[in-house]
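Asker: please find the sequence and the predicted model below.
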Amino acid sequence: MSKTDYRWARPALVANKRRAMELRSGQPQQKGNRRGLSHAYNIKALRDLEMDVARHAEQAYEQFVAERQTRPNSSRGRLKPAGL
């Protein structure tokens, strides 16, 4: 299994979800004037930008899958994914 981050993750959303899990698990609230990493999720322009990136990623994936068709393998008669 690969240890790399998901390429199309939405950083503000991930930070918001992670902080919510931390709070539910009993970690203390962070009081004061400093904003945490999850604050970026409250900025609508940033959320919209991340959604656009995710939308484009989904469209690229759908196009990739649509272009990838199976074709018969001439030597054994089995189906083989294109490009292999």
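Answerer: Alright, I've got the coordinates. Numbering: from 1, shown residues only.
Asker: can you give me the helices in this protein?
Answerer: For the chain, the helices defined by DSSP state H cover 11-24, 44-67.
Asker: ranking those helices by burial, who's on top?
Answerer: helix 11-24 (a mean of 14; mean count of other Cβ atoms under 10 Å). (Glycine included, C-beta is placed from N, CA and C.)
Asker: which strands and helices sit next to it?
Answerer: Helices and strands touching helix 11-24, by 3 or more Cβ pairs under 8 Å, 6 or more residues apart in numbering; DSSP states H and E, are helix 44-67.
Asker: I'd like the helices of the chain as CSV, with distance to residue 31 appended.
Answerer: Listed next are these as CSV, based on distance: least, Cβ to Cβ, whole Å:
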stretch, distance to residue 31
helix 11-24, 13
helix 44-67, 24
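Asker: can the ones you listed go into TSV with extra columns for distance to residue 34 and mean pLDDT?
Answerer: Formatted as TSV, those follow (distance: least, Cβ to Cβ, whole Å; pLDDT from 0 to 100):
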stretch	distance to residue 34	mean pLDDT
helix 11-24	13	88
helix 44-67	18	88
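Asker: to residue 30, which of those lies closest?
Answerer: Comparison of those against residue 30 by Cβ to Cβ identifies helix 11-24 as nearest, at 8.9 Å.
Asker: let's see the closest one as PDB, backbone CA atoms only.
Answerer: C-alpha atoms of helix 11-24 as PDB (Å, rounded to 0.1, in the frame of the first residue of the first chain):
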ATOM      1  CA  PRO A  11      -6.800  20.600   2.300                       C
ATOM      2  CA  ALA A  12      -9.200  22.900   4.100                       C
ATOM      3  CA  LEU A  13     -11.900  20.200   4.200                       C
ATOM      4  CA  VAL A  14      -9.400  17.600   5.400                       C
ATOM      5  CA  ALA A  15      -8.100  19.900   8.100                       C
ATOM      6  CA  ASN A  16     -11.700  20.700   9.200                       C
ATOM      7  CA  LYS A  17     -12.600  17.000   9.400                       C
ATOM      8  CA  ARG A  18      -9.400  16.100  11.300                       C
ATOM      9  CA  ARG A  19     -10.000  18.900  13.900                       C
ATOM     10  CA  ALA A  20     -13.600  17.800  14.400                       C
ATOM     11  CA  MET A  21     -12.400  14.200  15.000                       C
ATOM     12  CA  GLU A  22      -9.800  15.500  17.500                       C
ATOM     13  CA  LEU A  23     -12.400  17.400  19.400                       C
ATOM     14  CA  ARG A  24     -14.700  14.400  19.500                       C
END
